[in-house]
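Asker: Predicted structure and sequence below. I'll ask about it afterward.
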There are 2 protein chains.
Amino acid sequence: MPTTPQRPDPRTRPNPGRRSERSRAAILRATRELVSEVGYPRLSIEAIAARAGVGKQTIYRWWRSKGAVVFDAFLALSEGADGVVLPDTGDIEADLKEVLRATVAEFADPVFEAPIRALNMEVAGDPELAAQYRERLAAPVDEAKKERLRSAQRAGQIRADADLDLALELLYAPLYQRWLLRSAPLTPEYADALVEHVLRALRP
Amino acid sequence: MPTTPQRPDPRTRPNPGRRSERSRAAILRATRELVSEVGYPRLSIEAIAARAGVGKQTIYRWWRSKGAVVFDAFLALSEGADGVVLPDTGDIEADLKEVLRATVAEFADPVFEAPIRALNMEVAGDPELAAQYRERLAAPVDEAKKERLRSAQRAGQIRADADLDLALELLYAPLYQRWLLRSAPLTPEYADALVEHVLRALRP
DNA sequence: TGAACAAGACGAGACGGTCCGTCTCGCATA
DNA sequence: TATGCGAGACGGACCGTCTCGTCTTGTTCA
């Protein structure tokens, strides 16, 4: 053992301790702006570096692909709200309708539309990003939703042996698919119908 | 009216009657091969033209984007089976389980995996392709599925006033989402559980 | 009827661009 | 002294457009 034992890969890995927070923030900010302006497909690393006033190498040093940068850029926005809590009035049907109507509204908002779509396309094509997406974004939100369903189970509004993961998919996947493939318009009425149908499957 | 009336756009539109079927087939074949070999993101028009023994202009003359070529390349495969008919043994639960298990198997097949994923990412990002996708691929298949559900309605196994479009989404969107985002493994047992839950919502 | 002609799609590839990812430069920060 | 940094040069891959000369097809006229 001639050299230091604890050294994973010193020739490739940069030292995170010396990383410039100023540059990191400028890159993520420029990325968000450019995705909104030109859309994800026409977004380029060159343009991000130029807009952020940063060398290209600084981007390649810390991210492994354009998709990873975009992912971090929008993840940073959503991660602030970690304490996700859903409404719980005691009426599971009313609460779910409110949450799904809010989701419909969010998908319809042109400000969110472009970035979310870009993020989803990237996640669909990159298994590693997909894993990060699940861990850092989907998992906490899903846990909050399942907690609300558990509350409904305790209140006897949902079968005690219901598979909550499947329940979540039944609630959100149709919404997500309509939006992603633009197969049909997303309306509040649709959200209501969806909740009513899924609850019929989940009730005792 | 000095010139011929029936002339939509002679300076830009080529004449489909003079199109080379040989070149068209070679392009679609080369596209299918290359998508399988290098994946969709690394697929280039130049490579397609070279592999097909065709001038680049011949591709740009008939397709408006790389995505459109890929779309046609794989659409041509699926369109042969126009007379889509689903099994109808009289037992809607058994029939749906069989169909959904088949879908799960198809998604798991590595031969289909890459192209279908490429196609879906392209469709998600291009509204015009999405419209074509719905018309030429989704619509006929969905109609066959709805016909099977109508048969179940007549047999009294499904509520007469059920929204069949929503029913289809409840059945397939969760499957589709699991596969697209790789959020959980797709198994035959999952297909069965999905059918059982959805039918609970649809029964009279 | 058949030779001459015109139109247009074709294979090939040159062309100016954009962007890629890698690689030096000094600089400055620790 | 080491290392991240901004800047940008560099070769290469593709882009989408364009110009060639060729080949096919339909029309005209001897």
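Answerer: The structure has been received and is ready for your questions.
Asker: Which residues of chain A lie near DNA strand C?
Answerer: A:18, A:42, A:44-47, A:55-57, A:60, A:65-66 (C-beta under 7 Å from any atom of the strand). No exception for glycine: its C-beta is placed from N, CA and C like everyone else's.
Asker: If you count contacts, what does the helix or strand of chain A with the lowest mean pLDDT end up packed against?
Answerer: None of the helices or strands of chain A scores lower by mean pLDDT, DSSP states H and E than helix A:110-125, at a mean of 84. Under the contact definition 3 or more C-beta pairs under 8 Å, 6 or more residues apart in numbering or on different chains; DSSP states H and E, helix A:110-125 sits against helix A:21-38, helix A:66-78, helix A:92-108, helix A:127-133, helix B:110-125, helix B:164-181.
Asker: Please list the outside residues in contact with that helix.
Answerer: A:32, A:35-36, A:39-40, A:67, A:70-71, A:74, A:106-107, A:129-130, A:133, A:180, B:40-41, B:117, B:120-121, B:124-125, B:180-181 (C-beta atoms under 8 Å, 6 or more residues apart in numbering or on different chains).
Asker: Kindly give a single ChimeraX line that selects the buried subset of these.
Answerer: This is the ChimeraX syntax for the buried subset of the contacts of helix A:110-125, where burial follows 16 or more other C-beta atoms under 10 Å in any protein chain shown:
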select /A:32,35,36,40,67,70,71,74,107,129,130,133,180 /B:40,117,120,121,124,125,180,181
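Asker: returning to what we had before: centre of the chain to the least confident helix or strand of chain A, how far?
Answerer: 9 Å (C-alpha atoms, centre = their mean, to the nearest Å).
Asker: and the angle for it with helix A:66-78?
Answerer: Orientation of helix A:110-125 against helix A:66-78 (axes from the mean of the first three to the mean of the last three C-alpha atoms, to 10 degrees) gives an angle of 130 degrees.
Asker: CA atoms of helix A:110-125 as PDB?
Answerer: Only the C-alpha atoms of helix A:110-125 are listed here, as PDB (Å, rounded to 0.1, in the frame of the first residue of the first chain):
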ATOM      1  CA  PRO A 110     -47.800  27.200 -20.100                       C
ATOM      2  CA  VAL A 111     -45.100  28.300 -17.600                       C
ATOM      3  CA  PHE A 112     -44.800  24.700 -16.300                       C
ATOM      4  CA  GLU A 113     -45.700  22.900 -19.500                       C
ATOM      5  CA  ALA A 114     -42.400  23.200 -21.400                       C
ATOM      6  CA  PRO A 115     -40.000  22.400 -18.600                       C
ATOM      7  CA  ILE A 116     -42.100  19.500 -17.200                       C
ATOM      8  CA  ARG A 117     -42.400  18.000 -20.600                       C
ATOM      9  CA  ALA A 118     -38.700  18.400 -21.200                       C
ATOM     10  CA  LEU A 119     -38.000  16.700 -17.900                       C
ATOM     11  CA  ASN A 120     -40.300  13.800 -18.600                       C
ATOM     12  CA  MET A 121     -38.800  13.200 -22.100                       C
ATOM     13  CA  GLU A 122     -35.300  13.100 -20.600                       C
ATOM     14  CA  VAL A 123     -36.300  10.800 -17.800                       C
ATOM     15  CA  ALA A 124     -38.000   8.500 -20.200                       C
ATOM     16  CA  GLY A 125     -34.800   8.100 -22.200                       C
END
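Asker: mind listing what A:Ala144 touches?
Answerer: Counting by C-beta under 8 Å, 6+ apart, A:Ala144 has contacts A:84-86.
Asker: Let me know the distance separating it from A:Leu164.
Answerer: Per C-beta to C-beta, to the nearest Å, A:Ala144 is found 12 Å from A:Leu164.
Asker: And A:Gly55, how far from DNA strand D?
Answerer: 3 Å (C-beta to the nearest atom of the strand, to the nearest Å).
Asker: That residue: neighbour count?
Answerer: 11 (other C-beta atoms under 10 Å in any protein chain shown).
Asker: can you tell me how far the residue most central in space within chain A sits from A:Phe74?
Answerer: Nearest to the geometric centre of chain A sits A:Leu137, at 4.6 Å (C-alpha atoms, centre = their mean). Distance of A:Leu137 to A:Phe74, given as C-beta to C-beta: 9 Å.
Asker: Spell out which residues are contacts of both of these two.
Answerer: Common contacts of A:Leu137 and A:Phe74, defined by C-beta under 8 Å, 6+ apart, are absent altogether.
Asker: Near A:Phe112, how many residues? Count them for me, please.
Answerer: 14.
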